[in-house]
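Asks: A predicted structure for the sequence below; I have some questions about it.
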Amino acid sequence: MAVKFWSGERMNTLLYGNRAPRNLAEDRFVPWFWENERVYEYFDRFTRELIAAGKKRYSGYSVAHRIRWEVNIAITGATGEEEFKLSNSMIPYLARVWQDRNPEYGNFFGLKKIKHAPAPKQHAWDYISTHVLPPMPVAA
């Protein structure tokens, strides 16, 4: 079982500062992170292997692709014992969490400004229900 190294408040401060989430992906990251802490453990392990191999900068997306391969093929094989979803929209946030916890490596992932749709004014479910789902029919 993974140890929660941050409180929800710490994570929110890192990602949001004193503002609302900038976009839907950012809004979804914190709950996803707590449900998938094992993904971060792999992200940390594989990033440290890159550093040990002499890399000074690398792609967070490449680390995520390795996680997908290792977990879904090499580690669990066809059994799917430790299957999870790792959306590409979560990767920039994983990289930010890693860099925040490991400042001695500087901007290892070469983080750039996050490019997404404008931030929703509501939280994820409210945003989805008002912008994605069709309206409920009104009974006559």
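Replies: The structure has been received and is ready for your questions.
Asks: helices of this protein, start to end?
Replies: Taking DSSP state H to define them, one finds helices in the chain at 8-16, 24-35, 37-52, 60-69, 91-101, 124-131.
Asks: how about stretch 22-31: buried residues?
Replies: Using 16 or more other CB atoms under 10 Å as the test for burial, stretch 22-31 gives 22-30. For every residue, glycine as well, the C-beta is placed using N, CA and C.
Asks: okay if I get those residues as CSV plus distance to Gly54?
Replies: Output for those, formatted as CSV (distance: CB to CB, whole Å):
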residue, distance to Gly54
Arg22, 34
Asn23, 35
Leu24, 37
Ala25, 32
Glu26, 33
Asp27, 37
Arg28, 35
Phe29, 30
Val30, 33
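Asks: just the closest of the residues you listed to Tyr61, please.
Replies: Distance to Tyr61, by CB to CB, is smallest for Ala25 among the buried residues of stretch 22-31, at 14.3 Å.
Asks: thought Ile91 was touching that closest one, still the case?
Replies: No: using CB atoms under 8 Å, Ala25 is not in contact with Ile91, being 9.9 Å away.
Asks: where does this protein have low pLDDT?
Replies: Applying pLDDT under 70 to the chain flags the ranges 1-20, 74-83, 115-140.
Asks: one step back: go through the helices of the chain and name the closest to Lys112.
Replies: Of all those, it is helix 91-101 that lies closest to Lys112, at 8.4 Å by CB to CB.
Asks: and the helices of the chain as a markdown table, adding distance to Lys112?
Replies: Below are the helices of the chain laid out as a markdown table (distance: least, CB to CB, whole Å):
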| stretch | distance to Lys112 |
| --- | --- |
| helix 8-16 | 16 |
| helix 24-35 | 15 |
| helix 37-52 | 18 |
| helix 60-69 | 11 |
| helix 91-101 | 8 |
| helix 124-131 | 24 |
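Asks: lovely, talk soon.
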